[in-house]
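A.B. asks: Let's see this in three dimensions:
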Amino acid sequence: MNEAERVGWLCSYVPEEVIMAAGLLPVRVSGGGGTVGTADAYLYPNVCPFVKSVMALGLNGQTKDMSGLVFTRSCDGMRRLYDVWKAYVPTRFVYMLEVPKNRDGAAVAYFATQLRRFATVLGQEFGREITDRSLNQAIEAANQARRLMQGMYQTQRTIPLPFSGSEVFQLGLEGMGMAKDAFVKKLKEYRLPTANQTSGKGKDGKARILVMGNVVDRPDLFNLIENGGADVVAADLCTAMRHFDYLVEEDAEEPYLALARGYLNRPGCARMTGVEERLADMMKLAKDYAVDGVVYTSVKFCDQHLSDAPYFAEKLKEAGIPILFLENDYTWSTIGQLKTRVEAFIEMLDAGRR
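C.D. replies: Sure, this is the predicted structure:
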């Protein structure tokens, strides 16, 4: 059997199931934390470095193995990347998926319409018919991977951790770039211990840290925290738990509505409305995973996530949960400077737990 053609996606609000239902392989496209290089000549200076890094991949010919690329209107930087990509990076299929910022019934209906249109255009381009049956089969396959990753996340509530946070994070990243059956097979090789939800802080173990923010697709920050003597027990990132911590209704009579509802009602990011809901989700994670402190990180020039940071810091302080804010350049070129701050934060957490 020939290997499926690869179609890349840039935002976790792109339903992989639609691409899978067309017999194509959805692959998350990441700048990999690489330098922006030639992209500086095509994008304005204050666009986020993630966008520039992805553009550099295209300009350097490192995305030639992909038959298509799907964008979402997630932010102005991504919108500009779409424009420049279409103009300067030859790609067979380039598509902008409209994703609403709300989650109400009207938003779900609108998104379902957009997904139907996406499926039609995708099918026409690749000569594939996307049926309700094939879409429901794709939903079932994606859910199977999600359930197994959720089981992996559940075990991270135990003290001590059965797997390091960096290992779980890296596993999730790999799953975003491989076929679901292969990913499921790999996940089933892990022998998961019984998850016992903790209550309170594990004073005899390491400090337990929740990492949250936007796009992180290298283990540098996780390694920095673990080398400093703490554990990353949860990662509220679009490249980690937010990508897996939900399910889509299976065998639905209207699978596009099921997809729209599942994706819009999952744990949201800063581009969505509902900061109070995001705060509630964060507080629940802190409680469920017996968190001692939070590391909030954002790439430079990401107005959406940067605007949330002061509010979350205030609310965490009121709840007695220490927070460390780290702005990064996506390449993590300042990792040496961040090392001092992370180590000092962990020392403070350890002192507060004695």
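
A.B. asks: In a helix, Lys185, correct?
C.D. replies: Yes: residue assignment for Lys185, taken from DSSP: H, G, I helix; E, B strand; the rest coil, places it within a helix.

A.B. asks: Look up how far Asn143 lies from it.
C.D. replies: According to CB to CB, to the nearest Å, Lys185 stands 16 Å off from Asn143. Using the backbone N, CA and C atoms, a C-beta is placed for each residue, glycine as well.

A.B. asks: of the two, who's got more company?
C.D. replies: Set side by side, Lys185 and Asn143 show more neighbours around Asn143, with 19 against 11, by other CB atoms under 10 Å.

A.B. asks: Next up, the contacts around the residue lying closest to that one once chain neighbours are set aside.
C.D. replies: Once flanking residues are discounted, Asn143 sits nearest to Leu247: 5.2 Å by CB to CB, 6 or more residues apart in numbering. Listed by CB atoms under 8 Å, 6 or more residues apart in numbering, the contact set of Leu247 reads Asn143, Arg146, Arg147, Gly262.

A.B. asks: Near Asp40, how many other residues are there?
C.D. replies: For Asp40, using other CB under 10 Å, the count is 14.

A.B. asks: mind giving me the domain split of this structure?
C.D. replies: Following automatic domain parsing, one finds the domains of the chain at 6-129, 134-353.

A.B. asks: Serialize the ones you listed to JSON lines and add fields for mean pLDDT.
C.D. replies: Putting the domains of the chain into JSON lines (pLDDT from 0 to 100) gives the following:
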{"stretch": "domain 6-129", "mean pLDDT": "93"}
{"stretch": "domain 134-353", "mean pLDDT": "91"}
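
A.B. asks: And for the longest helix anywhere in the chain, what's in contact with it?
C.D. replies: In the chain, assigned by DSSP state H, the helix with the most residues is helix 132-155. The contact list for helix 132-155 (CB under 8 Å, 6+ apart) reads 16-18, 20-22, 119, 161-163, 168, 171-172, 175, 180-181, 183-184, 187-188, 190, 192-193, 195, 234, 241, 244-252, 255-256, 258-259.

A.B. asks: from those residues, which would you call buried?
C.D. replies: Listed as buried from those are 16-18, 20-22, 119, 161-162, 168, 171-172, 175, 180, 183-184, 187, 234, 241, 244-246, 248-249, 252, 255-256, 258-259; burial here means 16 or more other CB atoms under 10 Å.

A.B. asks: if you go through the stretch 51-200 of the chain in chain order, where are the strands?
C.D. replies: For the stretch 51-200 of the chain, the strands defined by DSSP state E, counting those that start in this stretch occupy 66-72, 93-97.

A.B. asks: Other residues contacting the longest one?
C.D. replies: When you say that, I think you mean strand 66-72. When contacts are defined by CB under 8 Å, 6+ apart, strand 66-72 is touched by residues 5-11, 13-14, 19, 24, 27, 29, 63, 78-79, 81-82, 85, 91-99, 118, 122, 125-126.

A.B. asks: Buried ones among the residues you listed?
C.D. replies: Of those, these count as buried by 16+ other CB under 10 Å: 5-11, 13-14, 19, 24, 27, 29, 63, 78, 81-82, 85, 91, 93, 95, 97, 99, 118, 122, 126.

A.B. asks: First-to-last residue distance for stretch 55-70?
C.D. replies: 14 Å (CA to CA, to the nearest Å).

A.B. asks: buried stuff in that stretch?
C.D. replies: Result for stretch 55-70 [16+ other CB under 10 Å]: buried residues Met55, Ala56, Leu57, Gly58, Leu59, Thr63, Met66, Ser67, Gly68, Leu69, Val70.

A.B. asks: Repeat that for stretch 277-292.
C.D. replies: Arg278, Leu279, Asp281, Met282, Met283, Leu285, Ala286, Asp288, Tyr289, Ala290, Val291, Asp292.

A.B. asks: Identify the residues contacting the fourth one.
C.D. replies: What it means is Met282. Counting by CB under 8 Å, 6+ apart, Met282 makes contact with Leu210, Met212, Asp236, Val294, Phe312, Leu316.

A.B. asks: What of the third one?
C.D. replies: Under the criterion of CB under 8 Å, 6+ apart, the neighbours of Asp281 are Asp236, Pro267, Gly268.

A.B. asks: Out of the residues you listed, who's the most crowded?
C.D. replies: Most neighbours among these, by other CB under 10 Å: Asp236, with 21 neighbours.

A.B. asks: For that one, give me its contacts.
C.D. replies: Residues in contact with Asp236 (CB under 8 Å, 6+ apart) are Leu210, Val211, Met212, Gly213, Arg242, Pro267, Asp281, Met282, Leu285.
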